[in-house]
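> generate a structure from the sequence data that follows.
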Amino acid sequence: MAKISKRKQALLAKIDKEKNYSLAEAVKTVKDLKSAKFDETVEVALNLNVDPRHADQMIRSSVVLPHGTGKTVKVAVFAKGDKIDEAKEAGADIIGDDEVLAQIQNGEINFDVVIATPDMMGVLGRVARILGPKGMMPNPKTGTVTPNVAEAVKNAKGGQVNFRVDKKGNIHAGIGKVSFDKSQIEENLKTFVAKINRLKPASAKGRYIQNAALSLTMSPSITMDTQELMDIK
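This is a model prediction of the structure:
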């Protein structure tokens, strides 16, 4: 059995593993788990009672967090004509062209989010096999395929989180930084969970949020009260 480091032992001592923490308690506790030298990300993990093999239960969307993610996001936009100017004015970092496509094909990805107008999706098809597995291929469900590139760029820069369930119904997302105030983390978490609740498929039976945990980049996780989370609207 792997030896647990003193750092991890000290962090585990701050968590009651038998307890399902309320949202407020989980946020308060997670802030006490800071141990890294950098500003750790607050991460939420949910296990949903859905079967992503059914198209209507494949949960994929995005949400703009009220206090942002605390992360600086580099945005690449693929567009034509006036839409390029719109993207630049909104703060896009990279305007996609043949050179950028070539860089992507070579595995050079110098951005975090890709936004495209619908008429550019054919062009992006050339790099779908590279962007797809990284979760970076533009998609209408996350608002990254849109004629309104200015709004999409502002959302991406302002704290939009894109998410999708994996094959086992798990969703992971960063919802802020440990340096945020407790109230900011709480509001971001409630906004995120409310969006997940609104996306509950009509065909999903039984307990929707089966498990929930809150953690930092370098910390153990805190188990949360799923009933409280399911009641967030």
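> just after the lowest-mean-pLDDT helix or strand in the chain, pick out the following helix or strand.
Ranked by mean pLDDT, DSSP states H and E, the weakest helix or strand in the chain is helix 6-12, scoring a mean of 91. Going down the chain from helix 6-12, the next helix or strand is helix 23-31, by DSSP states H and E.
> how about the helices in this protein?
Taking DSSP state H, the helices of the chain run over residues 6-12, 23-31, 82-90, 98-105, 121-124, 128-131, 149-157, 182-198, 226-230.
> pick the most buried one from the ones you listed.
Mean neighbour counts were taken over the helices of the chain using mean count of other CB atoms under 10 Å, and the top value, a mean of 22, falls to helix 149-157. Every residue, glycine included, has its C-beta placed from N, CA and C.
> now do that helix and helix 82-90, the angle between them.
Here the directions of helix 149-157 and helix 82-90 differ by 40 degrees (axes from the mean of the first three to the mean of the last three CA atoms, to 10 degrees).
> tabulate the helices of the chain (TSV), appending distance to residue 76.
Formatted as TSV, these follow (distance: least, CB to CB, whole Å):
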stretch	distance to residue 76
helix 6-12	37
helix 23-31	32
helix 82-90	9
helix 98-105	7
helix 121-124	10
helix 128-131	10
helix 149-157	10
helix 182-198	24
helix 226-230	34
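> of the ones you listed, which shows the lowest average pLDDT?
Within the helices of the chain, confidence is poorest for helix 6-12, with a mean of 91 (mean pLDDT).
> figure out how far that helix is from the centre of its chain.
27 Å (CA atoms, centre = their mean, to the nearest Å).
> so residue 41 versus residue 170, what's the distance?
For residue 41, the distance to residue 170 (CB to CB, to the nearest Å) stands at 17 Å.
> count the neighbours of residue 160 for me.
21 (other CB atoms under 10 Å).
> let me see the confidence value for it.
Confidence score, pLDDT, at residue 160: 95.
> quick one: the nearest residue in space to it that is not next to it in sequence and residue 217, what's the gap?
Distance criterion CB to CB, 6 or more residues apart in numbering; nearest residue to residue 160, sequence neighbours excluded, is residue 64 at 4.8 Å. Remark: distance between residue 64 and residue 217 (CB to CB) = 22 Å.
> with residue 95 instead?
32 Å.
> re earlier: okay, residue 41 and residue 170: which has more neighbours?
Neighbour totals were compared for residue 41 and residue 170, and residue 41 leads with 18 against 15 (other CB under 10 Å).
> since that was my last question, I'll sign off now.
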